[in-house]
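K.L.:
A structural model of the following input is requested.
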Amino acid sequence: MVKESRARYVRRAATDKPVLDRNRKPGGERWAELLETSAKIFAAKGYAATSLQDIAEELQILKGSLYYYIDSKEDLLYEVIRDVLVKAHDHLSELALLEGTGAERLERVIHAHVEYLLDHLTATTVYLHEITRLDHARRKSLPSHNFVSMIAELLQAGQEDGSIRKDIDVEIWTLSILGTANWVYRWYTPGRSPSKEKVASEIAAFNRAALERVTATRSASSAAVRSRTKPVAATKARPSRPKAS
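P.N.:
Reported below is the predicted structural model:
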């Protein structure tokens, strides 16, 4: 199973190429600074309200200098999103392939996913807020779907090795796990929230505990809840007896 997963992850990584096709070769400190600055302004002002002039002024360069790296503002948005997703996927893929049961590897990946998101809060905010601004071809080229596949495969691995309940719906749990992890960006406040380590540990442990819960216990509990919420059948009032005269 691990070898098969490794092969799938490698094939996916090979297809995650940039959409931009130019002789220019983005890279180095200046390119990293451009992506970081663009992400910061996109997150603060929103993509629609941001202009290339805003980005140039923040970098203290002429607007025309940006065209050495990109052709349009959408290019920058795409590269900001692609950069954070590819790096996250590469990191999580390595963890997913380490030894352990499906449940252990899943907990490890969820923990790392939340920590990575919080370590790159600005770029992930741009991704989760602005991805719909990209055209269909660019959205399709991003490795977003790889995260879904990774979580689903770990859930299935856990079901096969007995570390995860067999009665769960893999699709529902995959989307639930990613939704819970991704939503952290909406409420986490650096310096005021619990530590990143605590947030990541709690979310990862919560999901693992729910997935490892004994089926019989869950079924009994669900049945009890259903019985308490079942509408009570209406009963006819018994006619009163006539009073004796």
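K.L.:
lowest-confidence helix or strand of the protein?
P.N.:
helix 2-15 (a mean of 43; mean pLDDT, DSSP states H and E).
K.L.:
C-terminal to it, what's the next element?
P.N.:
The helix or strand immediately downstream of helix 2-15 is helix 28-45, counting by DSSP states H and E.
K.L.:
Name the residues of that next one that come out as buried.
P.N.:
34-35, 37-43 (16 or more other C-beta atoms under 10 Å). C-betas here are computed from N, CA, C, even on glycine.
K.L.:
Same list (those) but as a markdown table, adding distance to Tyr68 and pLDDT.
P.N.:
Listed next are the buried residues of helix 28-45 as a markdown table, based on distance: C-beta to C-beta, whole Å; pLDDT from 0 to 100:
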| residue | distance to Tyr68 | pLDDT |
| --- | --- | --- |
| Leu34 | 10 | 96 |
| Leu35 | 14 | 96 |
| Thr37 | 15 | 96 |
| Ser38 | 14 | 97 |
| Ala39 | 19 | 97 |
| Lys40 | 20 | 97 |
| Ile41 | 19 | 97 |
| Phe42 | 20 | 97 |
| Ala43 | 24 | 95 |
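K.L.:
Export those to a markdown table and append columns for distance to Ile168.
P.N.:
Output for these, formatted as a markdown table (distance: C-beta to C-beta, whole Å):
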| residue | distance to Ile168 |
| --- | --- |
| Leu34 | 43 |
| Leu35 | 38 |
| Thr37 | 43 |
| Ser38 | 40 |
| Ala39 | 36 |
| Lys40 | 39 |
| Ile41 | 42 |
| Phe42 | 37 |
| Ala43 | 35 |
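K.L.:
Show the low-confidence segments of the chain, by residue range.
P.N.:
1-27, 213-245 (pLDDT under 70).
K.L.:
Which strands or helices does the one helix or strand His91 maps to pack on?
P.N.:
Under the criterion of DSSP H and E, His91 resides in helix 73-96. Where contact means 3 or more C-beta pairs under 8 Å, 6 or more residues apart in numbering; DSSP states H and E, helix 73-96 is packed against helix 2-15, helix 28-45, helix 52-59, helix 102-119, helix 121-130, helix 136-141, helix 144-161.
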